[in-house]
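K.L.:
Generate coordinates for the sequence data below:
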Amino acid sequence: MRSDMKRTLLFLATLLVCTASQAQMKDPLAPLKSYAAKSMSRCADAIMTLDQLETGPANFEFYKITLRSSDQYCGGVKFMWYSPKSQQIVIGPVVKLSDSPKPLAARITDDVTKAMGNGVAAAVAPFPLPDGLRAVNLTKDTPFGPFTYHAFVDAGEQFVILGMRGNLRTDPAQTLRETIGVANAVRKGNPKAKIEILELSDLQCPSCARAHVKVDPIIEKNLSKVNYGRLDLPLFEHHQWALQGALAARAINHVAPKKYWAYLDYVFKNQEEISKRPFDTFLQEYLSDNDIDKAAVQKIYGSKAERAALLDQVSRAFSVGIASTPTYIVNGQMVGFGPEGNFTVDAIKSAIGLPAGTAASKGK
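P.N.:
Numbers count the residues shown, from 1 in each chain. Next up, the predicted model:
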């Protein structure tokens, strides 16, 4: 009986290996599709396609990723460069450079400025990465200081891609976490939990406030199961005091870390009232009312270095395609929030192991 069982198990194992090999032979793009799917946001009713393009960057295969969803706020089109030689992958929007006698940096400045609709100045790294790729910093001036987008130009100097650089051999979840700088996230919950949920949000964003009401009770009821982290993503070009609100949050976390989450709760609940007066006036009153050292907070809040670090954090998020709030990352996978957030809330519940409609999930 044992001999027969061993033969049966060996046959099944061989069959599974053959089936997997046949599937890969039928679809040689399967590894790239898997990588692309993990790099894009999870969306409701999502359908992703990967199409190879004929003309592309030197030393790379060129693909178009299309993600369709029933949620109009999730999905879209990105491009992927893949090097069969080094397994290097870059995903993001692409700009085709025009033919011009100008130096490379000037060409990139002109063409990316035209494509983005706002002025940037390009600086190209002197030393190449694998496959002749070179890093490019695209910097623009803002009222808060210089802000930089990260990009790459191919060896042929014909294409620029703004996005995340990884490798087919490395889980894109790891690349995503490293790129956005998860070490800087403010944490609560269980640091040893297998479930990691990251929030990137803007304190002046109404959708973030609605998300906070839905998600925070779930987290609070399940802190022993979750390693929860938050990063500020102030969309300062759209929201008047978002960057000041984020700077204040960072300062309070340094000076009185136990009062950080209470500050977030208050700001999300009182966005309209805060918008009726200068943010600095609100902040001084809040610090006094909550017995937080105003001088210590002000020193960090007004620091140019702190502001530059916050802008760098926003830049890191943009590099991986996160340019809207709120965005949640559940176990390394971005999740599209949508107008009501039901898809994200369900994804968080599922990760924690909660069925929909439980008292814990409703925060009761």
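
K.L.:
Tell me who's in contact with residue 125.
P.N.:
Residue 125 makes contact with 134-136, according to CB atoms under 8 Å, 6 or more residues apart in numbering. Backbone N, C-alpha and C define where each C-beta goes, glycine included.

K.L.:
how does it look with 6 Å?
P.N.:
Going by CB atoms under 6 Å, 6 or more residues apart in numbering, residue 125 touches 134-135.

K.L.:
Could you do residue 98 as well?
P.N.:
residue 111.

K.L.:
that's a helix at it, yeah?
P.N.:
No: under DSSP: H, G, I helix; E, B strand; the rest coil, residue 98 falls outside any helix and is assigned coil.

K.L.:
And it, how close does it get to residue 157?
P.N.:
Using CB to CB, to the nearest Å, we find residue 98 at a distance of 11 Å from residue 157.

K.L.:
Regarding residue 105, what are the backbone dihedral angles?
P.N.:
Backbone torsions for residue 105, taken as degrees, to the nearest 10, come to phi -60, psi -40.

K.L.:
That one: neighbour count?
P.N.:
15 (other CB atoms under 10 Å).

K.L.:
Residue 157 too?
P.N.:
Neighbour count of residue 157, defined by other CB under 10 Å: 16.

K.L.:
Same check on residue 52?
P.N.:
Counted with other CB under 10 Å, residue 52 comes out at 13.

K.L.:
so what's it closest to, chain neighbours aside?
P.N.:
residue 63 (5.4 Å; CB to CB, 6 or more residues apart in numbering).

K.L.:
Direction included, what does the helix or strand containing the one you found pair against?
P.N.:
Taking DSSP states H and E as the criterion, the element that holds residue 63 is strand 61-68. Strand 61-68 has the following sheet partners, assigned by DSSP bridges: strand 47-53 (antiparallel), strand 76-82 (antiparallel).

K.L.:
For that strand, buried residues please.
P.N.:
Buried residues in strand 61-68, defined by neighbour count with 16 or more other CB atoms under 10 Å: 61-63, 65, 67.

K.L.:
Dihedrals phi and psi, the residue positioned nearest the centre of the chain?
P.N.:
In the chain, the centroid-proximal residue (CA atoms, centre = their mean) is residue 322; its distance is 4.2 Å. Backbone torsions of residue 322, given as degrees, to the nearest 10, read phi -90, psi 100.

K.L.:
What score does it have for pLDDT?
P.N.:
On the pLDDT scale, residue 322 is placed at 91.

K.L.:
Likewise for residue 16?
P.N.:
At residue 16, pLDDT is 49.

K.L.:
circling back to that earlier point, the residue nearest to residue 52 contacts residue 81, doesn't it?
P.N.:
No: using CB atoms under 6 Å, residue 63 is not in contact with residue 81; the gap is 7.8 Å.

K.L.:
so residue 321 is in which element?
P.N.:
Per DSSP H and E, there is no helix or strand for residue 321.

K.L.:
The residue nearest to residue 282 when sequence neighbours are not counted: how many residues sit nearby?
P.N.:
Distance criterion CB to CB, 6+ apart; nearest residue to residue 282, sequence neighbours excluded, is residue 274 at 5.1 Å. If you count neighbours by other CB under 10 Å, residue 274 ends up with 21.

K.L.:
how far away is residue 274 from residue 244?
P.N.:
10 Å.
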